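Q: need a structure here:
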Amino acid sequence: MTDLDQRRRTVRVLGLLSESVEAYARGDAAGSDRLIREAAEADVMAMSGIQGGILIGEIPHPEQDWAAWTEYVQAARDALAEAEGQAGGDE
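A: Numbering: from 1, shown residues only. I've put the predicted structure just below:
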């Protein structure tokens, strides 16, 4: 797997985790759980790294600081878009 592929998977996991938090906030605990499982299935190592980053404070906790979390996710998306742009037709 290339670095770019890993970035894509990590951004996907971050997106699914965001959706999970939003589902939980709407009162959809089952949907939230399903999205967490989907994130783990998409990339268990990325999921583990994100959870660890949240636990040690390197990554904002989405339930405690939604604004900082969404900034973090957007920064990851922006970095992915930049990497994809640089890769261009190299893939």
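
Q: for the protein, what spans make up the helices?
A: Along the chain, the segments classed as helices by DSSP state H run 3-25, 29-42, 44-56, 66-87.

Q: would you mind finding the most buried of those?
A: Among the helices of the chain, the stretch with the highest mean neighbour count (mean count of other Cβ atoms under 10 Å) is helix 3-25, at a mean of 17. Backbone N, C-alpha and C define where each C-beta goes, glycine included.

Q: distance between it and the chain's centre?
A: 3 Å (Cα atoms, centre = their mean, to the nearest Å).

Q: what is that helix packed up against?
A: Applying 3 or more Cβ pairs under 8 Å, 6 or more residues apart in numbering; DSSP states H and E, we find helix 3-25 packed against helix 29-42, helix 44-56, helix 66-87.

Q: and of those helices, who's closest to Thr10?
A: With respect to Thr10, and counting by Cβ to Cβ, the nearest of those is helix 44-56 at 4.4 Å.

Q: can you list contacts of the closest one?
A: For helix 44-56, the external contacting residues (Cβ atoms under 8 Å, 6 or more residues apart in numbering) are Gln6, Arg9, Thr10, Val13, Leu14, Leu17, Ala39, Ala40, Ile59, Pro60, His61, Pro62.
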